[in-house]
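Asks: Here's a sequence, model it:
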Amino acid sequence: MTPHTAWTKRLEACHPPRLHQSLLALVGNTPLVRLQHMSAHLPKSVEVWVKLESMNPGGSVKDRPARQIITEAIERGDLGDGKILIDATSGNTGIAYAMIGAAMGIEVHLVMPGNVSAQRKHIVETYGAKIIYSDPMDGSDGAIRLVRDIVAADSANRYYYANQYGNPSNPRAHELTTAPEIWQQTAGRITHFLASTGTSGTIMGTGRGLKGFNRDVRVIGCQPSDAFHGLEGLKHMPTSIVPAIYKQDELDEVMFIETEDGWDTAERLAKEEGIGAGNSAGANVYAALKIARTLESGVLVTVICDHADRYFGE
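Replies: Residues are numbered from 1 along each chain as shown. This next block holds a predicted model:
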């Protein structure tokens, strides 16, 4: 037996190949990985773990709510029979909608700020979705206002407005899938869950689900420290259109993150852990390490929202 054959057999023993009848079945069940180098200064009794949502088929955490939103809309009869799914997005949810729409034969139109990364635009268009650009200076709130105007003017009733910022299917996706996965992966030992807020679906749904297992799990929402930030896809809630699904009273704590800290931590993730991630994931990890430094023991989990390749320049 050659070394290559032996290694292949070992890999197959660890990760037996599976067959799936649908792309939708590949969403979720993402790995949980412990940060080894960035947390080396912490006591051994303090563990920091990251959930690699970048390994979803669409490359981000947004695959989960997009699947939930689409499948539940179809079940209710709100989507289908040629209706077009439309929503506002800063990128990742749009990619997820476009991917799932292509797999299910659903036309997708996306309202996106004109300054979202070129990579996200290219991916969305590759899946066949149509992009409608909003004013880049108005950020995600501008996209929300524009999509509302488009839907209000839709006298022919062509659109299903997915409304990821107000659709309960968004947090429900995480309550039903992300939270149970983390609970199982940590063998119920998790003490803290942290995630940054864009739509807020990840923090609200996962936090709700984890507290259903153990009320003592601390749920910490992270957001940019000011309105004029550079953390793509995230919302500074005090100056933004607050998503209807965001319930701050369900959070144990809110942390404000500087743009530079999110970007710098994303660079450290790549260089020190081999994890290529975007700046929102950098913000998550920065917050987790900051909380970890205050603890004598604990199991902290946060989210790698997407991959760094969506942020590379041309």
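Asks: Can you get me a residue count around residue 164?
Replies: 25 (other Cβ atoms under 10 Å). Yep, even glycine has a C-beta here, placed from its N, CA and C like the rest.
Asks: which residues of the chain fall in helices?
Replies: Secondary structure of the chain (DSSP state H): helices at 3-14, 63-76, 92-104, 118-126, 139-152, 169-173, 179-185, 201-213, 259-268, 279-292.
Asks: Quick one: closest of the ones you listed to residue 233.
Replies: helix 279-292 (5.6 Å; Cβ to Cβ).
Asks: hey, C-alpha coordinates of that closest one in PDB?
Replies: Output in PDB follows, covering the C-alpha atoms of helix 279-292 (Å, rounded to 0.1, in the frame of the first residue of the first chain):
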ATOM      1  CA  ASN A 279     -13.800  41.300   8.800                       C
ATOM      2  CA  SER A 280     -17.200  40.500  10.400                       C
ATOM      3  CA  ALA A 281     -15.700  37.200  11.500                       C
ATOM      4  CA  GLY A 282     -12.700  39.200  12.700                       C
ATOM      5  CA  ALA A 283     -15.000  41.300  14.900                       C
ATOM      6  CA  ASN A 284     -16.500  38.100  16.300                       C
ATOM      7  CA  VAL A 285     -13.200  36.600  17.200                       C
ATOM      8  CA  TYR A 286     -11.900  39.900  18.600                       C
ATOM      9  CA  ALA A 287     -14.900  40.000  20.900                       C
ATOM     10  CA  ALA A 288     -14.600  36.400  22.000                       C
ATOM     11  CA  LEU A 289     -10.900  36.800  22.900                       C
ATOM     12  CA  LYS A 290     -11.700  40.000  24.800                       C
ATOM     13  CA  ILE A 291     -14.300  38.200  26.900                       C
ATOM     14  CA  ALA A 292     -12.100  35.100  27.300                       C
END
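Asks: tell me the centre residue of this structure?
Replies: residue 61 (3.1 Å; Cα atoms, centre = their mean).
Asks: correct me, but that residue touches residue 284?
Replies: No: checked against Cβ atoms under 8 Å, the pair residue 61 and residue 284 is beyond contact range at 10.3 Å.
Asks: Spit out the residues that contact these two alike.
Replies: Residues touching both residue 61 and residue 284 (Cβ atoms under 8 Å, 6 or more residues apart in numbering) are 303, 305.
Asks: Show me the shaky parts of the stretch 1-150 of the chain.
Replies: 1-17 (pLDDT under 70).
Asks: can I see the domain layout of the protein?
Replies: Per the record, the chain has its domains at 9-60+168-310, 63-161, by automatic domain parsing.
Asks: what separates the first one from the chain centre, distance-wise?
Replies: For domain 9-60+168-310, the separation from the chain centroid amounts to 8 Å (computed by Cα atoms, centre = their mean, to the nearest Å).
Asks: still on that earlier bit, export the helices of the chain to TSV and tack on distance to residue 299 and mean neighbour count?
Replies: Output for the helices of the chain, formatted as TSV (distance: least, Cβ to Cβ, whole Å; neighbours: other Cβ atoms under 10 Å):
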stretch	distance to residue 299	mean neighbour count
helix 3-14	23	9
helix 63-76	22	22
helix 92-104	27	25
helix 118-126	33	17
helix 139-152	32	19
helix 169-173	23	26
helix 179-185	10	19
helix 201-213	11	24
helix 259-268	20	19
helix 279-292	10	27
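Asks: do you know how far the nearest residue to the residue nearest to the centre of the chain once chain neighbours are set aside is from residue 296?
Replies: Using Cβ to Cβ, 6 or more residues apart in numbering and skipping the chain neighbours, the partner closest in space to residue 61 is residue 53 (3.7 Å). According to Cβ to Cβ, to the nearest Å, residue 53 and residue 296 sit 29 Å apart.
Asks: ditto for residue 239
Replies: From residue 239 to residue 296 the distance is 36 Å (Cβ to Cβ).
Asks: the more surrounded of these two?
Replies: Taking other Cβ under 10 Å, residue 239 and residue 296 do not tie; residue 239 has more neighbours (12 against 8).
Asks: Report the contact partners of that one.
Replies: Here residue 239 is in contact with 226-227 (Cβ under 8 Å, 6+ apart).
Asks: where's the residue lying closest to residue 50 once chain neighbours are set aside relative to residue 292, distance?
Replies: Sequence neighbours aside, residue 304 is the residue nearest to residue 50 in space, at 5.0 Å (criterion: Cβ to Cβ, 6+ apart). From residue 304 across to residue 292, the span is 16 Å (Cβ to Cβ).
Asks: try residue 95
Replies: 31 Å.
Asks: How about the contacts made by the residue nearest to the centre of the chain?
Replies: Going by Cβ under 8 Å, 6+ apart, the list of residues near residue 61 reads 53, 92, 202, 303, 305-306.
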